[in-house]
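K.L.:
From the sequence below, what's the structure:
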Amino acid sequence: MAKLIWVGENCNNVRGKSCKAYCIRRTGSTVLISYGSVEVKGGGGGKYFWCGRYPIKFPKPFRTIAKATAFIKSQIRAKVAKGYDRMPGRVKIEAKKKHA
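P.N.:
Below you'll find the model as predicted:
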């Protein structure tokens with residue numbers, strides 16, 4: 001699974017910054033994509049939490065595994081070109097826990 005994150009300026013946001021995550025992985029010939037806003041808690045990239053409880057998820061089916069793999073590589077290249085950075089593989093993006 002490839003996890004990418006973008007942190008940058010956003011004039012429409014109250015604080016003037018925003019943080020977005022994009023996760024992509026392959027299961028057989030189907031590519032699973034998750035994306036959405038994230039919140040970072042702690043310095044140095046501490047913990048990552050999806051804003052709004054869960055990310056937007058959708059599957060994208062392909063006829064062959066080779067086409068699915070090529071799609072993933074092209075998507076990662078496109079996101080990195082737009083300013084996304086790769087996250088370390090073991091970093092989790094968790095759902096926010098509701099306070100009781």
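
K.L.:
Could you use CA atoms for every contact and neighbour count after this?
P.N.:
OK.

K.L.:
show me where this structure has strands.
P.N.:
Ranges of strands in the chain, per DSSP state E, are 2-9, 17-27, 30-41, 47-50, 56-61, 85-86, 93-95.

K.L.:
Give me the below-cutoff pLDDT ranges for this protein.
P.N.:
10-16, 43-45, 53, 97-100 (pLDDT under 70).

K.L.:
What's the separation between the most centrally placed residue in it and Gly36?
P.N.:
The chain has Tyr22 as the residue nearest its centroid, 1.9 Å off, counting by CA atoms, centre = their mean. Tyr22 is 7 Å from Gly36, where distance means CA to CA, to the nearest Å.

K.L.:
do the same with Gly8
P.N.:
Taking CA to CA, one finds Gly8 at 14 Å from Gly36.

K.L.:
before we move on, what about Pro59?
P.N.:
15 Å.

K.L.:
Show me which of those two is the more surrounded one.
P.N.:
Gly36 (17 against 14; other CA atoms under 10 Å).

K.L.:
pretty sure the more buried one is touching Cys23, no?
P.N.:
No - with contact defined as CA atoms under 8 Å, Gly36 does not reach Cys23; the gap is 9.3 Å.

K.L.:
Now do the same contact list for the nearest residue to Ala21 once chain neighbours are set aside.
P.N.:
In space, and not counting its chain neighbours, Ala21 is closest to Ile5: 4.4 Å by CA to CA, 6 or more residues apart in numbering. Counting by CA atoms under 8 Å, 6 or more residues apart in numbering, Ile5 touches Cys19, Lys20, Ala21, Tyr22, Tyr84, Asp85, Arg86, Met87.

K.L.:
Check Ile76 too.
P.N.:
Ala2.

K.L.:
any idea how far it lies from Lys96?
P.N.:
26 Å.

K.L.:
What's the end-to-end length of stretch 56-72?
P.N.:
End-to-end for stretch 56-72, by CA to CA: 17 Å.

K.L.:
Return the set of buried residues in that stretch.
P.N.:
Pro61, Ile65, Ala68, Thr69, Phe71, Ile72 (16 or more other CA atoms under 10 Å).
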